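Q: below are the sequence and a predicted model; questions follow.
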Amino acid sequence: MTRRAIETDVCIVGSGISAAMVAERLARTTAAKILVVEAGDDTVPLAQRAAARERFLRYNENPWGRDHLEGYDVEGPLQSRSMQVGGLAMHWGAVTPRFSPEDFKQRSLYGVGTDWPITYEELDPFYQEAEELMGVAGEQGPEDLDPRGKPFPLPMIPLTYNLELLKKWASSAGIAMWSQPSAKNSIPYRGRPQCCRNDTCSPICPIGAKYSPDFTWSALRRANRITLTTRTLVRKLVLSPDGKTVSHAVAVSSDRPDQPVELRAKVFVVAAGYAWSSHLLLLSAQENAPNGVANSSGLVGKYLAGHRNVQTIVELPLRLYPGMNEQHSLVTKQFMRLKAGSEYVRHDLRIWESSNGRAPRLVDDKGALMLGDAILDDWRNRTKTGTARVRAYYDVIPDRASELTLDPARKNAYGDPLPKLSFRDAPESVSIRARTEDSIRTLFADMARAGNGRLLRTPTVDNFQDHPSGGCRMGSDASSSVVDSWGRAHDHENLFVVGAPTCVSGSCANATLTFCALALRSAREMEKGLPQAATTRSGGLE
Amino acid sequence: MPMTRRGFLASLAATVPLAVIVRRAHAAAVEHVQGDPATLDALALTLLPSKLGRAAIMREAAAFRDWATKYKENAELVHGYGTSRLRSTGPTPLTRWTSQLDQLDADAQRLRQRRFRDLSATDRDQVVRDALKNERLDRMPPVVDANHVAVALLAHFYESPGAADLCYEAQIGRQTCRPLAAQASKPRPVLKVLEK
């Protein structure tokens, strides 16, 4: 069997948002030759997204076409089946809060979990860089709770009329809230238009006001700064004889499955998200790495992190107009910092406008069928007061056995075992779960009371651990972590794992911006071994 | 004697594979609902709020027809969150719905020896109520999940941005492109928004 070989300086596995951050920075600051390898197809072009959105609105059809690989039904809670250029951030909600300073030192401050090997302050400039690359619109929260080195690059998404009323309600309950930071253009930015409230950010923005990685890829391709190879699955990282470096990767193209591709690079960057990064490292077991690449600690695939949420609907004596901008919300970090001497309970809090509990109906309270004007009259009567959706994400401390393993029972078309996922709370997290959920339920009830409202339904807990991360956690000690604080594998000097997999914990806020900041910080370290650019480039994004 | 739609479907069933039958049945249903819109129009006049006015109700009926005829079977649905399971759209509901439109006509014939479209408003209302007697009506379902064409037509209208504007008597314009800055203000009142 003939092997096709490709030589490059940097080989990035995956084309999701963390990969885009790394490629953009390296293209800007170095003269390195960059190859990006994506297992899925190219994504739907911007010009076709309005039509795709229409089909989604009408029929709930996937607006991203067939953005998956066949035969990848895995056991366990995979976040999404999507695999395409841009990754899951093609259909993300673009909600971009930062983690809080406390997230990075939970053990030191509160005696739970594990401290990260970096501080919030060290990550701050990379948060800023990510926010500027994507175009994050935000409102400065109280500076002690929401510290930042520089202002948001874009003015905040204005609060809707509904959210202004709901903000006053929260304030009456003693909670200061502000506009959720979002990677959506509040003003035209980097060639993309201002948001016009199409309100289908997730799964699809029809005009490109929401940042998605394809914009970075398009710019880098136009500027001839990268080669992006699609439909090419990296199956294995092969180590040098001494095991200190990755010598090459073995990939297969869906279009020429009989001809493996050998990818040779000075630096390898695994940027395939929380699931597929660990999966590739485990699949790469070989003679001098019998448990998988970068796995001398035995921790590849371990400590998968995330957070659960408690949610309810509150009925309020307010005249609200749902539909003004349903995906935008209020947020507070008030509950992410513990008061001195209090028990460990940490969560965020957000409020959205809602039409929940206010949908038109076919039968009245007595069960009689309504037709014609009766349905509209009934609907009007029931919408004189409004409802709000209230949700709190709370900390889950990951257990070692919260893990991704290779599933001997399921294999892909090339005979490689698929991943199997299982999330588990650490024992200390199990003990605080009930207390946390009770505390949030009490908070919701207090909030409803403060607004002369009521809970429309009992608060529910979503057991899915949202915004998953981990699997290749960072740390200073090679025996208790997979990569260092830069994302460099302890075991192999030219191998980086970036973004989601490197997280130590999942915080209680959306994590994508943190993945991006971590990836940019990793890229900064990679620069040291690469040919520097004669002048700093824009990366083609302008 | 020209072959009826039911006769056509029966003859198909005897000679061709199931997938082909389904495709042809959808095509026949499309032709039926587009070629003879009067029953559906009359149903819309029975079900939708009179405040819309006749012209707007006819537009809503046409929009529903458009929805139904452009439905695609076996299209990939939005991916679930937290699962690798993929889902696709099911068989077209239009064949069932066109049969139900035929049935409304048959019921009208039994009641008044007239077609459904020729009944009085009161009689149309009665025929529809009888038709829905055994339907599950505990909620307004997504259009595609509506078993009966009457419920589907209602669901299609009530999930539209226009219906929300009519309910709230305000220019909300849900899921339409609107100036971002305007969201800070209370939506402007709207009068007879759909009566264009």
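A: Done, it's in. Computed from a predicted structure; not experimentally measured. Residues are numbered from 1 along each chain as shown, chains lettered A, B, ... in the order given.
Q: quick check, the residue in chain B closest to chain A?
A: Chain A sits closest to B:Arg174 of chain B, with a gap of 3.0 Å, by C-beta to the nearest C-beta. Bear in mind the C-beta positions are built from the backbone N, C-alpha and C, glycine included.
Q: touching chain A at all, stretch B:159-172?
A: Yes. Judged by C-beta under 8 Å from any C-beta of the partner chain, stretch B:159-172 comes into contact with chain A through B:Pro161, B:Ala163, B:Ala164, B:Leu166, B:Cys167, B:Tyr168, B:Glu169, B:Ala170, B:Ile172.
Q: out of the residues you listed, which comes closest to B:Met140?
A: B:Met140 lies nearest to B:Ala163 out of the residues of stretch B:159-172 next to chain A, by C-beta to C-beta, at 10.5 Å.
Q: specify the local secondary structure of the closest residue to the closest one other than its chain neighbours.
A: The spatial neighbour of B:Ala163 that comes closest, neighbours along the chain excluded (C-beta to C-beta, 6 or more residues apart in numbering or on different chains), is B:Phe157 at 5.5 Å. With DSSP: H, G, I helix; E, B strand; the rest coil as the basis, B:Phe157 sits in helix.
Q: any idea how many residues pack against B:Val149?
A: Residues lying near B:Val149 (other C-beta atoms under 10 Å in any protein chain shown) number 27.
Q: can you tell me the SS state at residue 98?
A: In the absence of a named chain, chain A is used. Going by three-state DSSP: A:Arg98 is coil.
Q: my question was about chain B
A: helix.
Q: and the host helix or strand of A:His279, average pLDDT?
A: Taking DSSP states H and E as the criterion, A:His279 maps to helix A:273-283. Mean pLDDT, helix A:273-283: 98.
Q: over to stretch A:335-344?
A: On average, stretch A:335-344 scores 91.
Q: returning to that earlier point: need the contact list for the residue nearest to B:Ala163.
A: B:Leu47, B:Leu48, B:Glu60, B:Phe64, B:Ala163 (C-beta atoms under 8 Å, 6 or more residues apart in numbering or on different chains).
Q: among these, who's most crowded?
A: Counting by other C-beta under 10 Å, top hit in those: B:Leu48 with 27 neighbours.
Q: could you report the neighbour count for the nearest residue to that residue once chain neighbours are set aside?
A: Excluding the flanking residues, the one nearest B:Leu48 by C-beta to C-beta, 6+ apart is B:Ile57, at 5.0 Å. B:Ile57 has 22 neighbouring residues, counting by other C-beta under 10 Å.
Q: ok, the one 4 residues further on next?
A: Counted by other C-beta under 10 Å, the residues lying close to B:Ala61 total 23.
Q: can you find the residue of chain A that comes nearest to chain B?
A: Taking C-beta to the nearest C-beta, chain A has A:Gly323 as its residue nearest chain B, at 3.0 Å.
Q: ok, now which ones touch that residue?
A: Counting by C-beta under 8 Å, 6+ apart, A:Gly323 touches A:Asp199, A:Glu353, A:Ser355, B:Pro161, B:Ala164, B:Ile172, B:Gly173, B:Arg174, B:Gln175.
Q: show the average pLDDT along stretch A:482-500.
A: For stretch A:482-500, the mean pLDDT works out to 98.
Q: for the helix holding A:His279, packing partners?
A: Under the contact criterion of 3 or more C-beta pairs under 8 Å, 6 or more residues apart in numbering or on different chains; DSSP states H and E, helix A:273-283 touches strand A:232-239, strand A:256-270, strand A:403-411, strand A:417-422, strand A:460-471.
Q: hmm, who's touching that helix?
A: With C-beta under 8 Å, 6+ apart, helix A:273-283 has contacts from A:13-14, A:16, A:18, A:78-79, A:87-88, A:234-237, A:270-272, A:291-295, A:300-301, A:304, A:404-406, A:416-419, A:421, A:468-472, A:497, A:499-501.
Q: helix, strand or coil for the residue of chain A closest to chain B?
A: Secondary structure, three-state DSSP: A:Gly323 is coil.
Q: torsion angles phi and psi at it?
A: Backbone torsions of A:Gly323, given as degrees, to the nearest 10, read phi 110, psi 0.
Q: count the neighbours of A:Leu233 for me.
A: Around A:Leu233 there are 24 other residues, counting by other C-beta under 10 Å.
Q: per-residue pLDDT, the residue nearest to B:Ala163?
A: 98.
Q: so the residue nearest in space to the middle of chain B: helix, strand or coil?
A: Centroid-nearest residue in chain B: B:Leu153, 3.2 Å away (criterion: C-alpha atoms, centre = their mean). Following three-state DSSP, B:Leu153 is assigned to helix.
Q: which element is the residue nearest to it when sequence neighbours are not counted on?
A: In space, and not counting its chain neighbours, B:Leu153 is closest to B:Phe64: 5.2 Å by C-beta to C-beta, 6+ apart. Per DSSP H and E, B:Phe64 falls inside helix B:54-69.
Q: give me the buried positions along that helix.
A: For helix B:54-69, a neighbour-count test (16 or more other C-beta atoms under 10 Å in any protein chain shown) marks B:Ala56, B:Ile57, B:Met58, B:Arg59, B:Glu60, B:Ala61, B:Ala63, B:Phe64, B:Arg65, B:Trp67, B:Ala68, B:Thr69 as buried.
Q: which ones are touching the second one?
A: By C-beta under 8 Å, 6+ apart, the contact list for B:Ile57 reads B:Asp41, B:Ala44, B:Leu45, B:Leu48.
Q: thank you, goodbye.
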